[in-house]
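Visitor: Okay, structure incoming, though there's no sequence with it:
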């Protein structure tokens, strides 16, 4: 036997009480108080690691270019300004090391394959040779989150690469 369908009862929609709303706001506030400082700290450590990686890349590629010139019996103390081709990229050299140029398509930045995204490159004049500053553009203090690179003064010198990470 078939039973007749029972009439449906409509319930009035139940809203959120004030106590529940306050509890949700407190939970979100506690999560934000814990998560935001950790997120900011993680970003700073990531920028610091990016600066150190760029410096290591510059140092490694400068040594590689210098060693490849030495393998060709080039005398680096005689060579002031020259150009070579490395992996399809023409590089400007000084004393067998990539020049400090603010262009991402030439000099040390091209040799190290550093892309322009997230970086600001400026050339600082020096008494002997100019210094390239590669600053992390998204840092809270870009001047204190940077890599510096200077080509060698003499053929017997190595390029100078340094980092500042106090403002990352």
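Guide: Here it is on my side, so go on. Source: prediction; values computed, not measured.

Visitor: and residue 19, that one's in a helix?
Guide: Yes: assigned with DSSP: H, G, I helix; E, B strand; the rest coil, residue 19 falls within a helix.

Visitor: where does it land on pLDDT?
Guide: If you check residue 19, the pLDDT there is 87.

Visitor: burial measure for it, as a count.
Guide: 8 (other CB atoms under 10 Å). Every residue, glycine included, has its C-beta placed from N, CA and C.

Visitor: And stretch 136-149, what's buried?
Guide: 136, 139, 142, 145-149 (16 or more other CB atoms under 10 Å).

Visitor: any chance of the residues you listed in a markdown table, with pLDDT and secondary structure too?
Guide: Formatted as a markdown table, these follow (pLDDT from 0 to 100; DSSP: H, G, I helix; E, B strand; the rest coil):
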| residue | pLDDT | secondary structure |
| --- | --- | --- |
| 136 | 94 | strand |
| 139 | 88 | coil |
| 142 | 85 | helix |
| 145 | 94 | coil |
| 146 | 96 | strand |
| 147 | 96 | strand |
| 148 | 96 | strand |
| 149 | 96 | strand |
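
Visitor: Next, give me the two most distant ones among the residues you listed.
Guide: Of all pairs drawn from those, the one with the longest distance (CB to CB) is 139 and 149, at 17.8 Å.

Visitor: between the buried residues of stretch 136-149, which is closest to residue 111?
Guide: residue 149 (10.5 Å).

Visitor: Without its sequence neighbours, what residue ends up closest to the one residue sitting closest to the centre of the chain?
Guide: With distances taken as CA atoms, centre = their mean, the residue of the chain nearest its centroid is residue 50 (3.8 Å). In space, and not counting its chain neighbours, residue 50 is closest to residue 136: 6.5 Å by CB to CB, 6 or more residues apart in numbering.

Visitor: May I have the beta-bridge partners of that neighbour?
Guide: residue 119 (DSSP bridges).

Visitor: For it, which residues are in contact?
Guide: 47, 50-51, 118-119, 142, 145-146, 168 (CB atoms under 8 Å, 6 or more residues apart in numbering).

Visitor: Nearest to residue 129 among those?
Guide: residue 146 (17.4 Å).

Visitor: Am I right that the closest one is in contact with residue 131?
Guide: No: checked against CB atoms under 8 Å, the pair residue 146 and residue 131 is beyond contact range at 10.4 Å.
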